[in-house]
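Predicted structure and sequence below. I'll ask about it afterward.
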Amino acid sequence: MMAEEARSSTPKSNESLMSQMKKGCLSFTTSMYETLTHIKATFVGQQAKKITAKNEKEATEADLQTAKMQVDATNEAESTKKGLGL
């Protein structure tokens, strides 16, 4: 009887473990995507500022664009995580 209980709980435990692993991997992937998007936003913003800024106004606009891209990346990552139930 104990062996039957152990067998019947094993698939459930494996499902739960697999589900947790899947959620963990998806969460990690989402966080990595967010990080890479932040890096991209910073790089693009810095390059835009260095290459194209002819005055302070353009440099400020480049900074604002960088900040907006980072906020968008964070919002997208949070939305994805909420959708996954994390």
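Done, it's in. Note that this is a predicted model, so its numbers are computed, not measured.

Just say helix, strand or coil for K54.
coil (DSSP: H, G, I helix; E, B strand; the rest coil).

how about the helices in the protein?
Along the chain, the stretches classed as helices by DSSP state H are 2-52, 56-84.

Show me how far the longest one is from its chain's centre.
The chain centre lies 8 Å from the centre of helix 2-52; the measure is C-alpha atoms, centre = their mean, to the nearest Å.

Nearest spatial neighbour of A59, chain-adjacent residues omitted?
Closest residue to A59 apart from its sequence neighbours, by C-beta to C-beta, 6 or more residues apart in numbering: A53 at 4.1 Å. (Glycine included, C-beta is placed from N, CA and C.)

lowest confidence element among the helices and strands of the protein?
helix 2-52 (a mean of 75; mean pLDDT, DSSP states H and E).

what's the angle between that helix and helix 56-84?
Between helix 2-52 and helix 56-84, the angle comes out at 170 degrees (axes from the mean of the first three to the mean of the last three C-alpha atoms, to 10 degrees).

And the residue nearest to A59, how far from N14?
56 Å (C-beta to C-beta, to the nearest Å).

which one of these two has more residues nearby?
Per other C-beta atoms under 10 Å, whichever of A53 and N14 has more neighbours is A53, with 15 against 10.
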